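> Show me how the following folds:
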Amino acid sequence: MSNQQQLKEELQLCRTQLSKLSIEKDQTVFELNKVIRLVDRLQIQISEKDAEISMLHQQLDDQNKYHQQQLEQVKQHYEYLKESAISRLKSEISLDSEIMIQELRETKQIYQEILDIEAKRKSSYSQDDTHCQSINDYQKLFTEKQELKQLVEKLQKINSSQNTEQSNELIQEIQYLKDQLQKLTLELDNAKQTINILQNKALKQQNLLKEYYTNDFQG
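Sure, this is the predicted structure:
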């Protein structure tokens, strides 16, 4: 075999290898572009999810602040009525039955407003479980409930000095208030259980979201 023929064959072999390398390069560039596009899509999805989560957090914060303001207003009104009644008891001023009955009715109304606000609070949490209100308010309400219970017991002693018709009406109001206190206790217990459930559910959702991003990127 002549040198010229051998050179031609080597040249042809080099061209063949070069062609293969060119094809492999194009394939590598193609795959790399696919990965880049996938990363871009994932980044967009992550940004969208982050924006949605941020918006939901803001909505929950706004709802929580609104309900907290409502609860504070109602509690202040309730506190005023309670302190007013206790002050008269301590100073041993003669109580007028009609005024006492009216105050008991207002206190009953306040408790109903508290229950309504707690129901709205639980309703807002059921829409998105990522945030939960601290249970400090509930513990404070339990304390106030005990104080009001003591007031009711004092009122029962006072009503013995009132006339029969007024005394019966006062007893009815006191009994209703006792029922409301029992109902409030049950509502607060349920609210605490709901907070624990929502906290666990929010943690599970965060773990699922992390797992979704990890699996999507690896896929």
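> which other helices and strands contact the lengthiest helix in the chain?
Among all segments of the chain classified by DSSP state H, the helix with the greatest residue count is helix 3-90. Under the contact criterion of 3 or more CB pairs under 8 Å, 6 or more residues apart in numbering; DSSP states H and E, helix 3-90 touches helix 97-127, helix 136-158, helix 164-218. (C-beta placed from N, C-alpha, C; glycine too.)
> And the average pLDDT for the shortest one is what?
By that I understand helix 136-158. Model confidence over helix 136-158, given as mean pLDDT, is 62.
> Stretch 76-83 too?
Stretch 76-83 shows a mean pLDDT of 76 in the predicted model.
> Dump that stretch to CSV, keeping only the CA atoms.
As requested, C-alpha coordinates have been extracted for stretch 76-83 and formatted as CSV (Å, rounded to 0.1, in the frame of the first residue of the first chain):
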residue,chain,number,x,y,z
GLN,A,76,-63.3,46.2,76.0
HIS,A,77,-67.0,46.7,76.1
TYR,A,78,-67.5,43.5,78.1
GLU,A,79,-64.7,44.6,80.4
TYR,A,80,-66.4,47.9,81.0
LEU,A,81,-69.7,46.3,81.9
LYS,A,82,-68.0,43.7,84.2
GLU,A,83,-66.0,46.3,86.1
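> List the buried residues for that stretch?
For stretch 76-83, the neighbour count (16 or more other CB atoms under 10 Å) marks 78, 81, 82 as buried.
> And the pLDDT for residue 101?
Among the per-residue scores, residue 101 shows a pLDDT of 63.
> So for stretch 52-60, what gets flagged as buried?
Within stretch 52-60, the residues that qualify as buried by neighbour count (16+ other CB under 10 Å) are residue 60.
> So for it, mean pLDDT?
Confidence over stretch 52-60 (mean pLDDT, whole number) is 83.
> All set, thanks.
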